[in-house]
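Undergrad: take a look and give me a structure for this.
(2 chains)
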Amino acid sequence: MVEIKNLTKKYDGHTALNDLTVTIEEGRIYGFLGPNGAGKTTTMNIITGCLAATSGTVTIDGYDILTHPREAKKRIGYLPEQPPLYLDMTPREYLTFACGLKGIKGKDVSAQVQKAAAMTQIEDHLDRLIKHLSKGYKQRVGIAQAVLGDPKLIILDEPTVGLDPKQITEIRELIKNLGRNRTVILSSHILSEISSVCDNIMILRKGRLVACDTPENLQHTMIGEITLSVTADRKSNNLSKALSSVRGLSSFECVPSQRDEGCFEYTFRYSPELDLRHTIARLFYDEKALVLSMREVRLSLEDVFLKLTASDEEPAEPEDSREETESEEA
Amino acid sequence: MGVIYKKELKGYFTGMMGYVFIAFALAVIGIYTVAVNFIQSYPNFEYVLDSIRFLFLLLIPILTMRTMSDEKRQRTDLLLYSSPISTYSIILGKFFAALTVFAVPFAVSCFYPLIIGRYGVVNYKVAYSAIFGFLLMGGACIAIGIFLSSLTESQMVSAVLCFGALLLCYLMPSLSSIMPSSALSSLGGFLVLAVFFGCMINITTKNKILSIALGGLTAAVPAAVYLIDRTALEGTFNTAMNALAVFSKFNNFIYGMFDLAAVIYFITVTLLFVFFTVQAIEKRRWS
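TA: Numbering: from 1, shown residues only, chains lettered A, B, ... in the order given. As a prediction, the model looks like this:
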């Protein structure tokens, strides 16, 4: 659907994008993720033809955005970071105007306006001035503009920024719906947003693509080992022997608990493909040890993100943001 | 182009802008018609147009100040640039919308020679060709205004720039008559112009070598001419200044002449500034 090849953009000596190469497949939702200034908006502006790249090419459905802008742009619906709204128009006038820009003519215009309005749930506000609408509705009008004419590719730059939590969930639902039969590219610096909506995550850092994969794969490849800590009330040689012989375990240790007197802290490390919680809990049970707590620590996507976007000099310390799965067993 | 034209035209009349413009222009034309044609009893409507040239300085900035600057401020320019339409159709759409609003009071004033004709002998050909020339001059000024509006995000700055540029054009005949026409002063004028030109290029392209080269070239040509044949340079700077005097090109229409050279001049200025505007926008995409 979209081929981005060796895309580089320089502003007065500062490199905003550095040799970006990505292939975007049809019918998936892609998320550009990166800290502020990573080059997300620049990339989107180049894909939509609002900005020209210093070098490199972007082709949409086989049409180069520079040499065949008309054909390429017909396939794109774009919502920039700040929705491009004419405040003294009503949404109906605005969408009708946008239809004209996109070359939609005649009877199709009102049908398309109605369809986009229904999709973004702004039908009741079509005849109020845009300047009187709330931020969430303005954003919806912007999205409605992007989906007019059923473009194959929809690009949304930070679509949920500045919205309240309810509006955010609504917009996310809307994006998921859009992604059912279209290609959607959205950007965000909020990881949870991207991971809950997107099929593919592209992480940008200082204008470079540092990762492009599904959320699950990203987590898998970046995760290293899982740490499982267990607090139990007993320690015995039999138990230690049984535990250390569990298949797949790469390390195991046991120290007296500092928090609970007379209890012991067991730490197991194993590869992320395995889930040894059942086996280990069963062993404790067989040895009549009572498990007081069990905690599995995986590298969350947030950690992956931080690890990837941290600069080379200072490796990230993803201590605070561990994703914890706790379970208690008796 | 049609889409932008319709939207812009509607934009002029959703706010006060279009109405204020038309009302003000009609009021001024009306007052001058009464004064010149009815009180002083001249049968020449073109004299009215002659006296109201100053209107351009006030009205063109109002008409063009928000054309591009407002799009930039509201970030709606991204909608236009990401749509499958060319930059030329955006600018031409905006240009013709402004020209249409500009033409409304003058379309109304087309009835005035007919009214005057009831009380005396009116040379209709002269009167209408003057109105036509006036419209073309308006087009040239609008193109200049739109260009200046594309350089900034602020309506105010754009209006002030437009007023300044038009004022300079307006005063150019008197400025050029003040300038001595000796070869040396012409050379001096061209050198100042070359420095200014080089600075402008440096500001827009931020390329020192290019700006020095182009500025140097602009300075070198008159300097070479001065060294080879001093007399050839005499009065040339005054001629160059007069070329910028947009408003005095209208004079022949008042004297009853359909000045084809002026018509071509106005159309050229219009096309040139539409071209500049498109380049200014394209340039921003590349920088």
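
Undergrad: how about A:Leu51: what's its closest non-neighbour residue?
TA: Leaving aside its chain neighbours, A:Leu51 sits nearest to A:Asn45 (4.0 Å; criterion: Cβ to Cβ, 6 or more residues apart in numbering or on different chains). From N, CA and C alone the C-beta is placed, and that goes for glycine too.

Undergrad: how many neighbours does residue 215 have?
TA: Went with chain A since none was named. As a burial measure, A:Pro215 scores 19 neighbours (other Cβ atoms under 10 Å in any protein chain shown).

Undergrad: switch to chain B, that's the one I care about
TA: That count, for B:Gly215 with other Cβ under 10 Å as the rule, works out to 21.

Undergrad: do you have the strands of the stretch 151-300 of chain A handy? List them.
TA: Under the criterion DSSP state E, counting those that start in this stretch, strands of the stretch 151-300 of chain A are mapped to A:153-157, A:183-188, A:200-205, A:208-213, A:226-232, A:249-256, A:264-270, A:291-298.

Undergrad: got the ones you listed as a markdown table, with mean neighbour count, distance to chain B and mean pLDDT columns?
TA: Listed next are those as a markdown table, based on neighbours: other Cβ atoms under 10 Å in any protein chain shown; distance: least, Cβ to the nearest Cβ, whole Å; pLDDT from 0 to 100:
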| stretch | mean neighbour count | distance to chain B | mean pLDDT |
| --- | --- | --- | --- |
| strand A:153-157 | 25 | 9 | 93 |
| strand A:183-188 | 26 | 13 | 90 |
| strand A:200-205 | 23 | 20 | 87 |
| strand A:208-213 | 18 | 22 | 85 |
| strand A:226-232 | 20 | 45 | 85 |
| strand A:249-256 | 13 | 52 | 84 |
| strand A:264-270 | 19 | 50 | 86 |
| strand A:291-298 | 18 | 40 | 84 |
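
Undergrad: now for these, which one comes closest to B:Arg66?
TA: strand A:153-157 (25.1 Å; Cβ to Cβ).

Undergrad: now for the closest one, which elements pack on it?
TA: helix A:40-47, strand A:76-79, helix A:135-147, strand A:183-188 (3 or more Cβ pairs under 8 Å, 6 or more residues apart in numbering or on different chains; DSSP states H and E).

Undergrad: how far off helix A:40-47 does it point, in degrees?
TA: Put simply, strand A:153-157 runs at 150 degrees to helix A:40-47, going by axes from the mean of the first three to the mean of the last three Cα atoms, to 10 degrees.

Undergrad: in its sheet, which strands sit next to strand A:153-157, and in what direction?
TA: Strand A:153-157 pairs in its sheet with strand A:76-79 (parallel), strand A:183-188 (parallel), by DSSP bridges.

Undergrad: could you dump the helices and strands packed on strand A:153-157 to a markdown table with distance to B:Ser186?
TA: Shown next, in a markdown table, are the helices and strands packed on strand A:153-157 (distance: least, Cβ to Cβ, whole Å):
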| stretch | distance to B:Ser186 |
| --- | --- |
| helix A:40-47 | 47 |
| strand A:76-79 | 52 |
| helix A:135-147 | 56 |
| strand A:183-188 | 57 |
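
Undergrad: can you say which of these is nearest to B:Ile52?
TA: Minimum separation from B:Ile52 across the helices and strands packed on strand A:153-157 (Cβ to Cβ) falls at helix A:135-147, 42.6 Å.

Undergrad: touching chain B at all, that closest one?
TA: Yes. Using Cβ under 8 Å from any Cβ of the partner chain, helix A:135-147 reaches chain B at A:Gln145.

Undergrad: got the angle for that helix vs strand A:153-157?
TA: Between helix A:135-147 and strand A:153-157, the angle comes out at 150 degrees (the same axes, to 10 degrees).

Undergrad: mind listing what's buried in helix A:135-147?
TA: A:136-147 (16 or more other Cβ atoms under 10 Å in any protein chain shown).

Undergrad: on contacts alone, who are the packing partners of the helix or strand in which B:Ala159 is found?
TA: Assigned by DSSP states H and E, B:Ala159 falls within helix B:155-178. Contacts defined by 3+ Cβ pairs under 8 Å, 6+ apart place helix B:155-178 against helix B:55-64, helix B:69-74, helix B:124-149, helix B:236-243.

Undergrad: now these in a markdown table, with distance to B:Cys199 and mean neighbour count?
TA: Putting the helices and strands packed on helix B:155-178 into a markdown table (distance: least, Cβ to Cβ, whole Å; neighbours: other Cβ atoms under 10 Å in any protein chain shown) gives the following:
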| stretch | distance to B:Cys199 | mean neighbour count |
| --- | --- | --- |
| helix B:55-64 | 24 | 22 |
| helix B:69-74 | 23 | 20 |
| helix B:124-149 | 17 | 23 |
| helix B:236-243 | 18 | 17 |
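
Undergrad: out of those, which is closest to A:Thr183?
TA: Going by Cβ to Cβ, the one of those nearest A:Thr183 is helix B:69-74, 28.1 Å.

Undergrad: tell me the helix or strand right after that closest one.
TA: Following helix B:69-74 toward the C-terminus (DSSP H and E): helix B:77-81.

Undergrad: what are the contacting residues of that next one?
TA: Applying Cβ atoms under 8 Å, 6 or more residues apart in numbering or on different chains, the external contacts of helix B:77-81 come out as A:45, A:48-50, A:78, A:80, A:84, A:98, A:101, A:145, B:4, B:68, B:71, B:87, B:90, B:285.

Undergrad: how's chain B carved up into domains?
TA: B:2-171+B:245-286, B:182-234 (automatic domain parsing).

Undergrad: which of these sits most buried?
TA: domain B:2-171+B:245-286 (a mean of 19; mean count of other Cβ atoms under 10 Å in any protein chain shown).

Undergrad: pretty sure A:Ala52 sits in a helix.
TA: No. Counting by DSSP: H, G, I helix; E, B strand; the rest coil, A:Ala52 is not found in a helix; it is coil.

Undergrad: quick check: it touching A:Pro69?
TA: No. Contact criterion Cβ atoms under 8 Å: A:Ala52 and A:Pro69 do not qualify, at 10.3 Å.

Undergrad: more crowded one of those two?
TA: A count of neighbours by other Cβ under 10 Å puts A:Pro69 above the other of A:Ala52 and A:Pro69, at 21 against 16.

Undergrad: what residues are up against the closest residue in space to the more buried one that isn't next to it in sequence?
TA: Spatial nearest neighbour of A:Pro69, excluding adjacent residues (Cβ to Cβ, 6+ apart): A:Gly49 at 5.3 Å. Residues in contact with A:Gly49 (Cβ under 8 Å, 6+ apart) are A:65-66, A:69, A:72-73, A:76, B:81-82.

Undergrad: can you lay out the strands paired with strand A:153-157 as CSV showing distance to A:Thr267?
TA: Formatted as CSV, the strands paired with strand A:153-157 follow (distance: least, Cβ to Cβ, whole Å):
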stretch, distance to A:Thr267
strand A:76-79, 48
strand A:183-188, 35
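
Undergrad: nice, that's everything, thank you.
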